[in-house]
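Undergrad: Based on what follows, work out the 3D shape:
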Amino acid sequence: MASGESSIFPWINFFPISLPPFFSPCILHGLGSLFGRPIQMDNATATGSKPSVAHILVELDITKNYPNSSWLGPEKYDYIQKLFAWCLLLEALYGLWAAVLIVLLSVLLYFWLCSYLYMCWKLFVGCLLVLH
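TA: Okay, here's the model as predicted:
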């Protein structure tokens, strides 16, 4: 599918899904295929315990364009489901960047705190040597 650098693995939510046929693995696999390579459903989707939403883990290539809408059901009913792929992509990227930012800030804070405490320790030891 995609190279390792351009692939992300977001959970895509399909809602409102209130009709039992939409919980069919075949249907959900097809819906997930609109975005990339479907990998798995979550347990709630597989068992139907949360009938208002379906979650599919998909390998998504961020270098590709995706559709804004897709037909659900027979064409004679004129039902178009809007797919907010851009929002899903931004949500996945935001989650990734937020995690990276938290780790980076934690590392910077750790090193700053270590250097600050080391400097304080040196001053304390220096003061003890002067007093004796």
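
Undergrad: Outside of whichever strand or helix holds residue 13 itself, list whatever touches it.
TA: Taking DSSP states H and E as the definition, residue 13 sits inside strand 11-14. Strand 11-14 has contacts (C-beta atoms under 8 Å, 6 or more residues apart in numbering) with 22, 28, 31-32, 35, 42, 53-58, 88. (C-beta placed from N, C-alpha, C; glycine too.)

Undergrad: Let me know the secondary structure of residue 35.
TA: coil (DSSP: H, G, I helix; E, B strand; the rest coil).

Undergrad: Okay, strands next: where are they in this structure?
TA: 7-8, 11-14, 37-41, 54-61, 69-71, 80-82 (DSSP state E).

Undergrad: Tell me which of these lies nearest to residue 109.
TA: Closest approach to residue 109 among those (C-beta to C-beta): strand 7-8, 27.3 Å.

Undergrad: want to throw the strands of the chain into a markdown table with mean neighbour count?
TA: Below are those laid out as a markdown table (neighbours: other C-beta atoms under 10 Å):
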| stretch | mean neighbour count |
| --- | --- |
| strand 7-8 | 16 |
| strand 11-14 | 18 |
| strand 37-41 | 16 |
| strand 54-61 | 20 |
| strand 69-71 | 12 |
| strand 80-82 | 12 |
